[in-house]
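A.B. asks: Generate coordinates for the sequence data below:
(one chain, ligands or ions: 1)
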Amino acid sequence: PFGDAEAERQVRSDDRAHVFHSWSAQAKIDPLPIAAGEGSTFWDYEGNAYLDFSSQLVNLNLGHQHPDLVAAIQQQAGRLATVQPSMANDVRGELARRIAEVAPGTLNKVFFTNGGADANEYAVRLARRVTGRRKVLSMYRSYHGGTSTAIALTGDPRRWANEPSDPSVAHFFGPYPYRSAFHSTSPEEETQRALEHLENVIVLEGAGTIAALIAETVVGTNGVLVPPPGYLAGVRELCDRYGIVYIADEVMVGFGRVGEWFAVDAFDVVPDLITFAKGVNSGYVPLGGVVISDAIAAQFDDVAFQGGLTYSGHPLACAAGVATFDVFDRDGILDRVRDLGSRVVEPELRSWLERHPSLGEVRGRGLFWALELVRDRETREPLVPFNAAGPDAAPMAEVAAACKAAGVWPFTHFNRVHVAPPLVIGEDELRRGLAAIDAALDVADRYARA
Ligand code: PLP
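C.D. replies: Next up, the predicted model:
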């Protein structure tokens, strides 16, 4: 369709007239019509190519139009396109088995959902059923999804407009060494103080009222916040001590983003429940789920689990999930992510600290990194204010525009640029995309006090 101005016009007019978009003032957006995608690149109708450094919404782990995933979906569609959840199905069973094989500890059963938000809804419901308690603790600076409980758990401004929401959610501060809520001066101190704070929250909220604690293993959209050493082990220990179910939200970071099947493996902790979506099949067909420990699953051996979805474990989605496991195994995706992350991305981004006064901090792991942009390195004043919109957000909009003009589609949030390309990105593409972001930071530097 490249160069087909009439096709492009039709896409735009149908979209503007009839598609109601997420998280947007409908009259103030101008969605880019996408004509095609392949690997780490997508094209608009004019034929402009963009390297997708945001993996769509950090879900496109195996890139666009991966031939193995496309073939798996096509074959499954030709064989059995749908089957309801109370029947057994080969690809659903195989995907559940393969997830259980790579999940830590005794997490051996999978409840499939349609995406990440409903995975978190169901994880909370399981925790409430098994504990007989209702309250859930979650972090400020988190995102857990757009549905009712998931948005209540969310610790970012997207919750505000949806309040009052679930009243049985209480928020706490997680670790964030660069902007410590605890005035700590080292990662070790941050861990210790963040855990002291969490224990205080548990005690003051009433340990006996708390069903679950949910945490993104590496906080995603709210900043690629990698937990400092010992923090998640401390969370596990507090949950054990107070009888709280520990839910790890791995919707964004599971399935290879940080070089592990599940990110908890990098921190040696075993949660009671893990929620996943996105990377499980790169979003080719909507799929999410909850991986459940034996101890929790056993509570429902003789008592019915009250929950379900018509499309739970949809065969087209599960076939794409099985193909994802095959590609990861055959192509050594996890090793690739660790190698590209530590050999290419990390040294490159760190070298920019010497050249860009607007770069406050670089942090991340695998193929998941954040560049924290500031006006002043001493005070750490962010390049744009928290939750900035309109003219206040202009400097970040200019950085994003510079990336796009250079053919790179960036992920930006508040004062940060995230680096989250598909895990299959070629090394040359990766270096080219990084060079474009490097150049775009010159725009941010103009706002920074040297
Ligand atoms: N949890 C995390 C950590 C996420 O990043 C997201 C989506 O970005 C969700 C949950 C919600 O997933 P979904 O949009 O599939 O409902």
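A.B. asks: C-alpha only now, for contacts and for neighbours.
C.D. replies: OK.
A.B. asks: Any residues of the protein in contact with the ligand? List them.
C.D. replies: 115-117, 143-145, 216, 220, 249-252 (C-alpha under 6 Å from any ligand atom).
A.B. asks: Format these as JSON lines; extra columns: neighbour count, secondary structure and pLDDT.
C.D. replies: Output for these, formatted as JSON lines (neighbours: other C-alpha atoms under 10 Å; DSSP: H, G, I helix; E, B strand; the rest coil; pLDDT from 0 to 100):
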{"residue": "115", "neighbour count": "21", "secondary structure": "coil", "pLDDT": "98"}
{"residue": "116", "neighbour count": "27", "secondary structure": "helix", "pLDDT": "98"}
{"residue": "117", "neighbour count": "26", "secondary structure": "helix", "pLDDT": "98"}
{"residue": "143", "neighbour count": "28", "secondary structure": "coil", "pLDDT": "98"}
{"residue": "144", "neighbour count": "29", "secondary structure": "coil", "pLDDT": "98"}
{"residue": "145", "neighbour count": "22", "secondary structure": "coil", "pLDDT": "98"}
{"residue": "216", "neighbour count": "28", "secondary structure": "strand", "pLDDT": "99"}
{"residue": "220", "neighbour count": "23", "secondary structure": "coil", "pLDDT": "98"}
{"residue": "249", "neighbour count": "32", "secondary structure": "strand", "pLDDT": "99"}
{"residue": "250", "neighbour count": "29", "secondary structure": "coil", "pLDDT": "98"}
{"residue": "251", "neighbour count": "31", "secondary structure": "coil", "pLDDT": "98"}
{"residue": "252", "neighbour count": "29", "secondary structure": "coil", "pLDDT": "98"}
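A.B. asks: between the residues you listed, which is closest to residue 42?
C.D. replies: residue 252 (20.9 Å; C-alpha to C-alpha).
A.B. asks: shouldn't that closest one be in contact with residue 277?
C.D. replies: Yes - in this structure, residue 252 is within contact of residue 277 by C-alpha atoms under 8 Å, at 7.4 Å.
A.B. asks: Show me how the record splits this protein into domains.
C.D. replies: What automatic domain parsing lists as the domains of the chain is 32-65+332-445, 68-330.
A.B. asks: Dump those into CSV; add distance to residue 7 as well.
C.D. replies: Written out in CSV, the entries for these read as follows (distance: least, C-alpha to C-alpha, whole Å):
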stretch, distance to residue 7
domain 32-65+332-445, 8
domain 68-330, 24
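A.B. asks: helix/strand/coil for the closest residue to residue 245 other than its chain neighbours?
C.D. replies: Spatial nearest neighbour of residue 245, excluding adjacent residues (C-alpha to C-alpha, 6 or more residues apart in numbering): residue 212 at 4.4 Å. Under DSSP: H, G, I helix; E, B strand; the rest coil, residue 212 falls in the strand class.
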